[in-house]
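**Q** Kindly return the folded structure for what I paste below:
(chains A and B)
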There are 2 protein chains.
Amino acid sequence: MDVIDILKAYSEGIDNEIYASLSTIDPSTLCEASDHLIRAGGKKLRPVMVILSCEAVGGRAEDALKTAASMELIHTFSLIHDDIMDKDEMRRGKPSVHMLWGEPMAILAGDTLFSKAFETVLDTNTENISPKRIVNALKTVVDSCIKICEGQALDISFEGNLDVREEEYMTMIYKKTAALIAAATKAGAILGGGTEEQIEALAEYGRLVGLAFQIQDDYLDVVSNEDDIGKPVGSDIVEGKMTLMVVHALAYASEDDKERLISILQANNEDLVDDAIGIFNKYGSIEYSRDIAHTNIKTAKELLNVLENSEAKKSLELIADFVLDRTH
Amino acid sequence: MDVIDILKAYSEGIDNEIYASLSTIDPSTLCEASDHLIRAGGKKLRPVMVILSCEAVGGRAEDALKTAASMELIHTFSLIHDDIMDKDEMRRGKPSVHMLWGEPMAILAGDTLFSKAFETVLDTNTENISPKRIVNALKTVVDSCIKICEGQALDISFEGNLDVREEEYMTMIYKKTAALIAAATKAGAILGGGTEEQIEALAEYGRLVGLAFQIQDDYLDVVSNEDDIGKPVGSDIVEGKMTLMVVHALAYASEDDKERLISILQANNEDLVDDAIGIFNKYGSIEYSRDIAHTNIKTAKELLNVLENSEAKKSLELIADFVLDRTH
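**A** Residues are numbered from 1 along each chain as shown, chains lettered A, B, ... in the order given. Purely as a prediction, here's the structure:
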């Protein structure tokens, strides 16, 4: 089984939970606006990681299904609100929610998905999973939501500020991206009744995979081709986006190269993408970025050694590799 | 003790919980944007109703304090997002959050307060309150959050639509305003270990008080004076806002009066306020609205008969009366 098969194997159960949760939203406009981005697809990586983490510590997939669904609801909530903030007009190949329903309804759709996420976790059957475990899983989920907000606020604060240290950058992508993946694996382990050691190991696995995921995303923007990633190569550079490569290059480049890179990032000109990549290469920034992602994935997989061998453990290993192997 | 004294007696404990919760938000911009509207004041009616409901069924105030704080966080979250949607520039006598920090940060501040609300409830000490009770209290809170979103979506859908039936209007104000107050009293009763009968009675008490609160708000806009309500009399009419008086008048007015009222509501002209009030009076709409509020409060107080006599019960009765007696 490869990762795509693993994701497919769980997706129907997850989708059923999500759609059951959203079907009761009234009025219908709000229901449709909340539904839109979820129906537009998505790999369901976070939900599947909840279930696998639950199974990997000896729990049952069905007991983690509602919390799995909540991950997709939270992820989608944050995408809808981010698209409003960033004025992004497209998402998953479709117009973003605020483009179709306007900003007020898009804000509400996000808020609704957010509420539904908590409702879904709380709907976990207390005959199978104790309320104490549900409270602990939910604490993990809520904590990651706070971090998502903080990460987005940090990301906004970086705009027009090219004096970002690597540590600050890593904090930002941890909060914005990795915290929810860490919450997925940790909540799964809690629901599955894992030991303290297993819960912490899976949380750290999720954090490292999440960081690698974001770093790889930024890396692909530079080394991939347009057909694979569905957007022009170097679009992060054109948009002046902060990435680990940028942070690294700005820290190590000569004054001249640093000035040149800053002017490229502010120029919004796609003809300058190759120049920027040239500077990245000159200071080993692309390789550095790739190395960090690889090291994270290696460590993440080693952390899984606290688990007994199982199909679920094997799948979590494959997912870790998948983060680096993917071309889009 | 009058209601103002009751609110004052609890406000310090509630404020401490709220500020402790918000103090950890990072970066500081997000912390300040989240904090702003809370520091601008507010009666803390909802939090106090959580505590009183807890005490009224024999529970301890301290066990309800975190859930009480969560009510203010949720209420403030919804105000911040509503102000963005409605483009309201002022709130509690200060510039609204999006006027000071921009829309992206205001969206995030709302999302952060929302997350913090759940974190706060989950922080309830499980040595005093069982996880099962916390789960049940949180279900009540989350359910009201979904209703707040649905109510705001309904309210938006009413804009420019003057063909709203009374039932639809009542559903809207129930979801938008009364559901959170009902959640406050219900969650308090759950945390305090109330019987099923007491929990349901307090939930219904909260719902009725919440409805009366909104109806009274709309009523004051027409019968009060500018000094008391801090805005010109009839501003709802000028803004074309849907109220129970408007719904009633449109249902019972002659075709001519109906047409006239609709044109006034669409005219955005303060010189026409008296004309609209004339139509309300002609069809008894102001009295009707006042009667509904009074009946709700009467029933709400009767529901408290399931409770033993206590200071808390007495305070809940006073709060019910206060909703009608207040002049602003």
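**Q** my read: A:Val247 touches A:Asp163, true?
**A** No: look at A:Val247 against A:Asp163 with Cβ atoms under 8 Å: they stay out of range, at 9.9 Å. Placement of C-beta: from N, CA and C, glycine included.
**Q** Settle it for me: which of the two has more neighbours?
**A** Ranked by neighbour count (other Cβ atoms under 10 Å in any protein chain shown), A:Val247 and A:Asp163 place A:Val247 first, with 23 against 9.
**Q** which residues does the residue lying farthest from the centre of chain A contact?
**A** No residue in chain A sits farther from the centre than A:Asp256, which is 35.2 Å out by Cα atoms, centre = their mean. Residues in contact with A:Asp256 (Cβ atoms under 8 Å, 6 or more residues apart in numbering or on different chains): none are found.
**Q** same question, A:Cys149
**A** Taking Cβ under 8 Å, 6+ apart as the test, what A:Cys149 contacts is B:Leu30, B:Leu108, B:Asp111, B:Thr112, B:Ser115.
**Q** And A:Ile146, by the same measure?
**A** Per Cβ under 8 Å, 6+ apart, neighbours of A:Ile146: B:Ile25, B:Thr112, B:Ser115, B:Lys116, B:Glu119.
**Q** Which pLDDT value goes with it?
**A** Confidence at A:Ile146, expressed as pLDDT, is 98.
**Q** Before we go further, it is sitting in a strand, right?
**A** No: counting by DSSP: H, G, I helix; E, B strand; the rest coil, A:Ile146 is not found in a strand; it is helix.
**Q** What residues does the stretch 101-250 of chain A have near chain B?
**A** Residues of the stretch 101-250 of chain A that fall close to chain B, judged by Cβ under 8 Å from any Cβ of the partner chain: A:103-105, A:107-108, A:110-112, A:114-116, A:118-119, A:122, A:126, A:130-132, A:134-135, A:138-139, A:142-143, A:145-146, A:148-150, A:152-154, A:156-157.
**Q** ok, now with 6 Å
**A** Those residues of the stretch 101-250 of chain A that sit near chain B, judged by Cβ under 6 Å from any Cβ of the partner chain, are A:104, A:107-108, A:111-112, A:115, A:118-119, A:122, A:131-132, A:134-135, A:139, A:142, A:145-146, A:149-150, A:152-154, A:156-157.
**Q** Take the residues you listed and keep only those in helices.
**A** Judged by DSSP state H, those include A:104, A:107-108, A:111-112, A:115, A:118-119, A:122, A:131-132, A:134-135, A:139, A:142, A:145-146, A:149-150, A:152-154, A:156-157 as members of helices.
**Q** Surely A:Ala94 touches A:Gly42?
**A** Quick fix: residue A:94 reads Lys, not Ala. No: applying Cβ atoms under 6 Å as the test, A:Lys94 and A:Gly42 come out as separate, 11.6 Å apart.
**Q** Compare neighbour counts for these two and give me the winner.
**A** Taking other Cβ under 10 Å, A:Lys94 and A:Gly42 do not tie; A:Gly42 has more neighbours (17 against 14).
**Q** so who does the nearest residue to A:Met90 once chain neighbours are set aside touch?
**A** Leaving aside its chain neighbours, A:Met90 sits nearest to A:Ser96 (6.3 Å; criterion: Cβ to Cβ, 6 or more residues apart in numbering or on different chains). Counting by Cβ atoms under 6 Å, 6 or more residues apart in numbering or on different chains, A:Ser96 touches A:Asp83, A:Asp88, A:Glu89.
**Q** For A:Ser96, give me phi and psi.
**A** Phi and psi for A:Ser96, reported as degrees, to the nearest 10, are phi -70, psi 160.
**Q** as a whole number, average confidence for stretch A:122-134?
**A** On average, the pLDDT along stretch A:122-134 is 96.
**Q** contact partners of it?
**A** If you take Cβ under 6 Å, 6+ apart as the criterion, stretch A:122-134 is touched by A:Asp63, A:Lys66, A:Ile190, A:Leu191, B:Pro131, B:Lys132, B:Val135, B:Lys139.
**Q** mind listing the helices for the stretch 1-150 of chain A?
**A** Per DSSP state H, counting those that start in this stretch, the stretch 1-150 of chain A carries helices over the ranges A:3-22, A:28-39, A:45-56, A:61-86, A:97-101, A:103-122, A:131-158.
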